[in-house]
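# could you work out the structure for the sequence below:
(chains A and B)
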Number of protein chains: 2
Amino acid sequence: MKAAILTVGTEILFGEITNTNSVFLSRRLNDMGIDVLYHYTVGDNPGRLAEIIGTAFKDCDIVITTGGLGPTQDDMTKEIACQVMGDHLVMHDDILDFIRNRLLSYKTEMTENNIKQALLPSRCRVFFNDAGTAPGFALEDHGRWIACMPGPPKEMTRMFEKSVVPWLEELTDGCLVYKEIRTFGIGESDLETVLLPVIDGQTDPTVATYAKNGECAVRVASKRKTREEAEHAIAEMIEMIEQYVGEYIYSTEGEEFPVVVGNKLMSSSLTIAAAESCTGGMFGAALTDIPGISAVFDRSLVTYSNQAKIDELGVKPETLEQYGAVSEQTAIEMAEGVRLKAGTDIGISVTGIAGPDGDTEEKHVGLVYIGLSLGEKCGGRCLCRKIDRRIRERQRNRRHAVLSMFDMIYRNVW
Amino acid sequence: MKAAILTVGTEILFGEITNTNSVFLSRRLNDMGIDVLYHYTVGDNPGRLAEIIGTAFKDCDIVITTGGLGPTQDDMTKEIACQVMGDHLVMHDDILDFIRNRLLSYKTEMTENNIKQALLPSRCRVFFNDAGTAPGFALEDHGRWIACMPGPPKEMTRMFEKSVVPWLEELTDGCLVYKEIRTFGIGESDLETVLLPVIDGQTDPTVATYAKNGECAVRVASKRKTREEAEHAIAEMIEMIEQYVGEYIYSTEGEEFPVVVGNKLMSSSLTIAAAESCTGGMFGAALTDIPGISAVFDRSLVTYSNQAKIDELGVKPETLEQYGAVSEQTAIEMAEGVRLKAGTDIGISVTGIAGPDGDTEEKHVGLVYIGLSLGEKCGGRCLCRKIDRRIRERQRNRRHAVLSMFDMIYRNVW
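Alright, predicted model coming up:
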């Protein structure tokens, strides 16, 4: 099955917003074994919209659109879909009720424009909208399909997972399940090479690697007759992948590193404090993105100057003088210092040269030390990890340092 | 003049990467008064590539492509451009020299594949590549143009600004200049409403507003006979915009808030320390994104727990008890505390309820206090700002709080 993704919206052609809907849909359709041949974006122009749908159907069985379903004059995806697929709009009373109830819950009155949203093609399959008022739909004509969804990503992704996936499963006669495995510490090309025996010749489950902000993810997708079969196939495949690269995996549920570590800290009631230098607060910022983390996260002391390291963390002036601020000794004193001061179970620290400048004869940009101090409850020991990447990009170095801190905790606390 | 943007690359159709090239090109082409009618993405498939270019030329005078210019078999944009525009590839010796010298500087040997990159259409205009080896080019046929650039955003954006803009200026017989004004504290619809008298009926300079991560930007673009004329027109327009919304503007050069404040701190040699609660380190993280900031940034104490506020900042237990951690009194004690402890000229603090939960009877999610303590050099006073947005999204609240901290400094220190 071959698909085209069509985004409708002048704001994309103006460059006002980035087209993330196409990224999401591409991944999910590929997961399902549906080939995506084209992405198109057009503005709110009926002639061009009709023409591009016609062009897409030359090669594709299915066109998936987002956008242009709103209640204003500009929004004409429904009308054009009818025109191309030979149908007409009729009032759908069940949708009208749905929209009315939704607006009631918002304490908002129904307007003429809202009523228009209940007009849909006469023979379409309706996709209800859990997150907004514009419903989506799918429409068939001579074995070709068009599926139309609203543009706001929140509404679209929910509608896709809840209603479009089951519809596609019926259409393609199978159940589609996918999982994302997240790894840290291995590059994408290495990951691909190591996994080659697993990836090679594999048609179901499919296995694909993705680079993602300094980490790599592996997506595993399966399409089988039943959900159980698909889930079983995926579980087996994940087990096999774990045999090859298990040491790098930190989530088989697509969760990000701060979420994984944050949840483990909360569930095991281990408290933590951090001492940051080159990351400037990024570790604390990432951890506190998680609601409820205040139960275990006490403080992070961002000690950028040497004086701050001495004042706040009790790093010895001799240590700074003898070994420098970017050293194993300083990293360990920082981690120890913050743990003892905060009275937490875990102290984590980072010190490094983020760049782009700041090389010395012995130490160059990209050099980072991560210190970990573990109290009684965690075995009572101190560790340090040295990272020596020789990369000059400040932001990449800082991001990698933060991930390394989470990795250091994940690998040594549990 | 009407344009289509064509992205060539299977990785986009797989959803592996987001198409940011189209966003960049859309903005810049619109700045220049060139209407963008379509975005297309196709994979490395010669038939589809040729067909989509043909489709684009039905409505457009110019097709701008990115991607598919690499040296491997997959890369075929050059060949297809020749096929559609009636030309053929020839060896360009100046490019061959350029690539050879570039590889020499990398200490890399020239390969067969590198030599292939010097093959370009016989009658094209060449765009040299400052950041990679694949050159770009523009090719005309019967008053229609195709311009091809490499896919990596770094290479593409540099080539565009340096070579494609001048070529488009010749083509459209004018000089194109644009500036981005950045504001904080006003929503996009308010900004648009207030600026209506300036925007309305304006054809040159063009004025457009954009929402951007909790802030709003205004883009001003002008196309005139000479660069001086365009710059003059833009300067006049910016002056006019300042009359309407000057109080919200923090940069007329498109710089982000941390960069603007960081540079002002460095140029005026004012030192700063921060005390963060609900932002968890985001302020420090943002400020330390700027290379060289260690000259003025001393420390940020992320005091998430009440005990940390007492220990680290000397916030009085009575204050926390009587007014709570999220209060004007606590914010001011935090700012004062960190400034005195670090011995800096400026102390800035933040405390708030980021959400999504954590409402109390008197205080609800979204409530944030920013404290500012200024030493002798800055007038010696304390200020507090209350933000009461009643938004439940943790990330939006946190991001807004950080921007408010920069705004608080920007508006009160200089």
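# from the stretch 101-250 of chain A, which residue is nearest to chain B?
residue A:210 (5.6 Å; C-beta to the nearest C-beta). From N, CA and C alone the C-beta is placed, and that goes for glycine too.
# do stretch A:181-200 and chain B meet?
No - judged by C-beta under 8 Å from any C-beta of the partner chain, stretch A:181-200 makes no contact with chain B; its nearest approach is 10.0 Å.
# restrict the lowest-mean-pLDDT helix or strand in chain A to CA atoms and write it as CSV.
For chain A, scoring each helix and strand by mean pLDDT, DSSP states H and E identifies strand A:206-212 as the least confident one, at a mean of 79. In CSV, the C-alpha atoms belonging to strand A:206-212 read as follows (Å, rounded to 0.1, in the frame of the first residue of the first chain):
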residue,chain,number,x,y,z
THR,A,206,10.5,-4.3,11.1
VAL,A,207,13.5,-2.8,12.9
ALA,A,208,14.8,0.7,12.2
THR,A,209,17.3,2.9,14.0
TYR,A,210,17.0,6.7,14.4
ALA,A,211,19.4,9.3,15.7
LYS,A,212,17.8,11.6,18.2
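# what does that strand contact?
A:30-31, A:33, A:188, A:191-192, A:195, A:198-199, A:216-222, A:237, A:241, B:14, B:16 (C-beta atoms under 8 Å, 6 or more residues apart in numbering or on different chains).
# hang on, the earlier thing: from residue B:234, how far out is the residue of the stretch 101-250 of chain A closest to chain B?
41 Å (C-beta to C-beta, to the nearest Å).
# just residue A:179 next, same as before
From residue A:179 across to residue B:234, the span is 51 Å (C-beta to C-beta).
# rewinding a little: what number of residues lie near the residue of the stretch 101-250 of chain A closest to chain B?
Neighbours of residue A:210 under the rule other C-beta atoms under 10 Å in any protein chain shown: 18.
# just residue A:380 next, same as before
9.
# how about it, nearest residue that isn't a chain neighbour?
Once flanking residues are discounted, residue A:380 sits nearest to residue A:374: 6.1 Å by C-beta to C-beta, 6 or more residues apart in numbering or on different chains.
# the residue in the stretch 51-200 of chain A positioned nearest to chain B: neighbour count?
Per C-beta to the nearest C-beta, residue A:55 is where the stretch 51-200 of chain A lies closest to chain B, at 5.7 Å. Neighbour count of residue A:55, defined by other C-beta under 10 Å: 20.
# next one: it from residue A:6, what distance?
Residue A:55 sits 10 Å away from residue A:6, taking C-beta to C-beta as the criterion.
# check the secondary structure at the nearest residue to residue A:364 once chain neighbours are set aside for me.
Among residues not flanking residue A:364 along the chain, residue A:390 sits closest, at 6.2 Å (C-beta to C-beta, 6+ apart). Secondary structure, DSSP: H, G, I helix; E, B strand; the rest coil: residue A:390 is coil.
# what's the helix or strand where residue A:237 lies packed up against?
In this structure, residue A:237 sits in helix A:227-245 according to DSSP states H and E. Secondary-structure packing of helix A:227-245 (3 or more C-beta pairs under 8 Å, 6 or more residues apart in numbering or on different chains; DSSP states H and E): strand A:175-183, helix A:188-199, strand A:215-224.
# quick one: contacts of that helix?
A:174-179, A:181, A:183, A:186, A:191, A:194-195, A:197-198, A:204-205, A:207, A:218, A:220-224, A:249, A:252.
# wait, the residue nearest to residue A:380 sits on residue A:412?
Yes - taking contacts as C-beta atoms under 8 Å, residue A:374 lies within contact range of residue A:412: 7.2 Å.
# got any residues that touch both of these two?
residue A:383.
# the more surrounded of the two?
Ranked by neighbour count (other C-beta under 10 Å), residue A:374 and residue A:412 place residue A:374 first, with 21 against 16.
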